[in-house]
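> Give me the fold of what follows.
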Amino acid sequence: MASEEGSLRALESLMTEFFHSCTTNERKREIEELLNNFAQQTGAWRHCLFFLSNTRNEYVMMYSLTVFENLVNKMWIGVASQDKMEIRSCLPKLLLAQHKSVPYFIRNKLCKVIVDIGRQDWPMFYHDFFTSTLQLIQSPPLAPLGLMMLKTTSEELACPREDLSVARKDELRKLLLEQVPTVLGLLTDILETYWDKHSVIASTPPPSPTSGESVELLGSLFQGSQYSKLLCQPMAALDNESQQLCCLVLECLAHLFSWIPLSTSITPTLLASIFHFARFGCDLRTKAKTGCFISSNSSSSNGQLNPGTMLPTSNGGGRNGQQSEGNKVDRARLGVLAMTCVNELVSKNCVPMDFEEYLLRMFQQTFFLLQKLTRENNAHTVKTRLQELDESYLEKFTDFLRLFVSVHLRRIESSPQFPIVEFLGLLFKFTFNQPTHEGYFACLDIWSVFLDFLTTKIKSRLADRESVLNRYKDALVLLLREVLNRIQFRYNQAQLEELDDETLDDDQQTEWQRYLRQSLEVVAKVMELLPSHAFSTLFPVLQDNLDVYLGLQQFIVTNGTNRRLNISAENDCRRLHCSLRDLSSLLQAVGRLAEHFIGEVFAARFNDALVVVERLVEVTCYGSQTSLYDLETAVPSVLKPDLIDVHAQALAALQAYSHWLAQFYSEVHSQNQSQFMNLITSTIDASSPLITTKVPEKLLLSACHLMVSITSTVRPVFLVTLPAVRNIFNLITAENQTRRLPQEAHMLVCRALSNMLLLPWPNLPESEQQWQTRSSNHASLLAALAREYKGIRGTVNITPRQTDLNNMKAVIQQTLPVLRDVVDSISGESTKSRQICYQSLQESVQVSLSLFPVFIQQPDVTDEMLAFFLTLFQALRVQMGVAFTGQIIHTFLSMFTREQLAASILQEGSAGCRVVQKFLKILQVVVQEPGQAFKPFLPSILSLCMEQVYPVVAERSSPDVKAEMFELLYQILHQNWRYFFKTSVLTSVQRGAAEETMENEAQFTAAMQAFGQSFLQPDIHIFKQNIFYLELLNSKHKLYHRKLFRTSMLFHFINVLLQVLLHKSHDLLQEEITLAIYNMACVDFDAFYSAFMPEFLNGCQGVDTSQRAVLARNFKLERDLPSFTQSVQRLVNDLRYYRLCNSSLPTGTIKL
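Presented below is the predicted three-dimensional model:
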């Protein structure tokens, strides 16, 4: 005893020293080693038992429990049965003796250790494990401890970790499921007992004047519901101890519901009890008043407070005002936990037939709460009610609504007992009284899901479309109007001004942009269902704000060269600011609706769309003519950005209607030719004055994008003749580029001009396309754009000075992106467009090829050049011709030596690395080309891939280069399969596939080895990509069935993939890996089961012969994918489990 006492004092001293702030890291390592050595001694647990019984030092307690935890989870199989019995007996006694005196985290840890023992030994060797927990729950003083044990049991046994065999996991789940009815019955009794006990007296006071509302409140939603009266009972006045106990019960239920299936064990009584406690979340955080006790416990069912009702003092229910306020948090927590239980049930999509009635009952009960939350009275508006609720409760309630709409609405909607329209009314009030932006966003998401549901339903039931729509029309109309109001400063200034419009989130949008985008998505979805109504709601609002904007001209005062907006009164400036912000939002809304005017509905909605487009053209012309962006204003930091934004949004909205203009051009422009021409001419007149360096960039880019859309989507034949377009052409092609546009704008304008000359005109035959004139104009355009670039060729032979070199680089980096963009924009167009484009580009391409060797040591320039060549190969390889394409590839292959490649690849993330990536992408395009033209390059491409790139990247991460290299390998194999396998259809029929002719075997084997090697490396993205490529090669070319693969590679691949599963290094890809193993095994199941599996198990380290036999026996000889997957998962789990057990067997002393 004395020695143990001494050990305890020494341990206390060590632990205190370890956690002392002055202890050095070196000394901590020494102490850690001492403690680890002690823990590994046989019988260390006896000392720990003494320590736990005799210390008050928390560090010592935690260390001792960690020793027990380690013993139970990692060494239990090697512990003597007598010792196990003693531990099973002592630890529960210790828990009972000390659970009130030790800190909660020590108590919880001790509970977990006992549960871990039960996980191993119940019921065979620890038969009273579960019954003792149930006994604790039934004993009032020990009920909290019992509930703690129950919750831990549910957490650790229902979904155990992998340190158990699959058979044991299944056994535990089955044992627990048998106990579920008993457990749920016990928990129901506790909730009912405490509710009844504390509400007996609370229900006796005379009814308040407002209590009659409770019946009306239920409305038709609950007619005939046997629970409506129960839910109208006054709230129970729980004392603190009772609240804590009920919280524990609800925590247990929440975890149980997360894994038990929906069944009749979840009784109506239990559901009713949970909903009683969910009402606590509706409890307002009312400030207590001196001398008068006010509590939500006395509130009537509609949420009004009744100051005249005094709470009983029995059972600890009586509290003064201050204490009551302190209990609000606990009561709110009860509500949160109850809603967590409800959400666990509602989140289950698989609902048995016999549970559907319960589900309906649950929804009725929850919507009682929703009515309670959204009920207005004299004391509170809905908004103030929601503001005063606990935030977590509100979140849980919103989660419930989301789950209900997304998972169960299709089940419940048609039930006569569930009035869906009344529910939508409640959801509407709940949505538009949310106290936070995040809450409002979450509710908008729910409406989006509902609108998607409704759209799908209508599409599947076109016959009664009108009756379905009429049922919901009022709700949709209200929703549309309110969402539109919420995005306008005119109605919602206070909230909108709180939104951040500067900081970008992960999706590269500000809080304001997210708010607007989500709102407009809802508007667009309503528009799809009620197009005419949505338009007639939105357009007048837009008109009102447009009138203000168009009326600004009268306030412009010109003084010499200065132009000023003569609005200076603070109130007027604020009103103008709000109106301009609203106009900007409404223009975005109008643009978002453009898609609902085209396609099949074009003719039916033509007049509405025409009104919109004419108005947008008028606004953009007005903005450009009056140059509002250039005015001096009283508040320049606010009004100037507003004016610029409105102008830019008007141009963007007009751009959104380019598809409508294209349909107008192709379908009805012959009848309304002058009308169409006026629209296009005015659009160009509105955008062309903005294409200058004097205009703010936001506005400039909007004008450029509009030009691109007109030239690429609408393609009017007369565009090239317009003076405004000729002016832009002259601006871009002028020799003196001192006033050059910013790069992005310059690129967009060049694309627009190129599209105008290259893209075929709609509605005209080939003979009227004027290709010759357009071709010469396009050649002039590109000659002007590449003027400086072509001039470099004559100067590169002289060794340039650094300044000249920098100038050359600047020219290359300015010109090539523009040429690349021109090519990219016509990549999917007709042959004629691509021919003309290549003719115009030919000289620039030749220049690029001759400059390439000169700049090979300048990776930033080479990167730009290869990007250009990559686009050429993707879009114009046919036009370039085989000979010239071959010359380019030959140049590249000769320039990229092994040293050059290695130097570039080793600088991960650098320009050099990007150069190699683009080079590999170019080769991918080449090997995908059908026909024989580029086949002669295959050997050198394969050689470059396997002998030059692969050795450099094989042992390094180099993820970007690796990804491109493996894609190239895949494309070589996929597009050139017959380079390796010569078998023709005839020989397959004559000889059978077994005698296939194999060529270039060494290169094929090297490629397969590279794929195999990638599965041994940690990069999960490369792993996923490569397993996908192998599966594709198998589905398209029967890779796994090929004789060479089948006989010399198949088992190696299966072995590697199984080892990956065993090491859990790529757990995110379990499904993909298991599917690949199945597809490989099913090539020859007999060989897999008779040859591979025995060989694999014999090679497995860390398991004995009998365990191998069990593993083999449990791997069922099934040939369907689900059964095979289950067998693989069982094999992996049990093999890991056996290794863990065997590593803990005693050899003199217990080893970890």
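
> where does the stretch 701-850 of the chain have low pLDDT?
Applying pLDDT under 70 to the stretch 701-850 of the chain flags the ranges 737-738, 794-803.

> Tell me where it has helices.
723-733, 743-758, 771-785, 787-792, 802-825, 831-851 (DSSP state H, counting those that start in this stretch).

> Which strands or helices does the first one pack on?
Translated: helix 723-733. helix 673-687, helix 743-758, helix 771-785 (3 or more C-beta pairs under 8 Å, 6 or more residues apart in numbering; DSSP states H and E). Glycine gets a C-beta too; all of them are placed from N, C-alpha and C.

> do the third one as well
Contacts of helix 771-785 with other secondary structure elements, assessed using 3+ C-beta pairs under 8 Å, 6+ apart, are made with helix 723-733, helix 743-758, helix 802-825, helix 831-851.

> got it, and the longest one?
Contact analysis of helix 802-825 by 3+ C-beta pairs under 8 Å, 6+ apart lists helix 743-758, helix 771-785, helix 787-792, helix 831-851, helix 859-880 as its packing neighbours.

> residues of the first one that come out buried?
Using 16 or more other C-beta atoms under 10 Å as the burial criterion, the residues of helix 743-758 that qualify are 745-758.

> Compute the distance from the centre of that helix to the centre of its chain.
In terms of C-alpha atoms, centre = their mean, to the nearest Å, the centre of helix 743-758 is set 35 Å apart from its chain centre.

> That helix vs helix 771-785, what angle?
160 degrees (axes from the mean of the first three to the mean of the last three C-alpha atoms, to 10 degrees).

> Quick check: buried residues in the top helix by length along the chain?
Longest helix of the chain, by residue count under DSSP state H: helix 166-199. Residues of helix 166-199 classed as buried: 166, 169, 172-173, 176, 180, 183-184, 186-191, 194-195, 198-199 (neighbour count, 16+ other C-beta under 10 Å).

> before we move on, what about stretch 838-849?
838, 840-841, 843-845, 847-849.

> now the residues you listed as JSON lines including distance to Asn672?
Converted to JSON lines, the buried residues of stretch 838-849 look like this (distance: C-beta to C-beta, whole Å):
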{"residue": "Tyr838", "distance to Asn672": "38"}
{"residue": "Ser840", "distance to Asn672": "35"}
{"residue": "Leu841", "distance to Asn672": "38"}
{"residue": "Glu843", "distance to Asn672": "44"}
{"residue": "Ser844", "distance to Asn672": "42"}
{"residue": "Val845", "distance to Asn672": "44"}
{"residue": "Val847", "distance to Asn672": "48"}
{"residue": "Ser848", "distance to Asn672": "47"}
{"residue": "Leu849", "distance to Asn672": "50"}
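
> which among those residues gets closest to Phe855?
Distance to Phe855 across those (C-beta to C-beta) is lowest for Ser848, with 9.9 Å.

> mind listing the strands for the chain?
Assigned by DSSP state E, the strands in the chain fall at 556-559, 562-565, 1146-1147, 1149-1150.

> Any stretches of the chain with poor pLDDT?
Judged by pLDDT under 70, the stretches of the chain that qualify are 1-2, 200-234, 283-328, 378-379, 669, 737-738, 794-803, 908-909, 983-996, 1145-1152.

> Do I have it right that Asn70 meets Ala39?
Yes. Using C-beta atoms under 8 Å, Asn70 makes contact with Ala39 at a distance of 6.5 Å.
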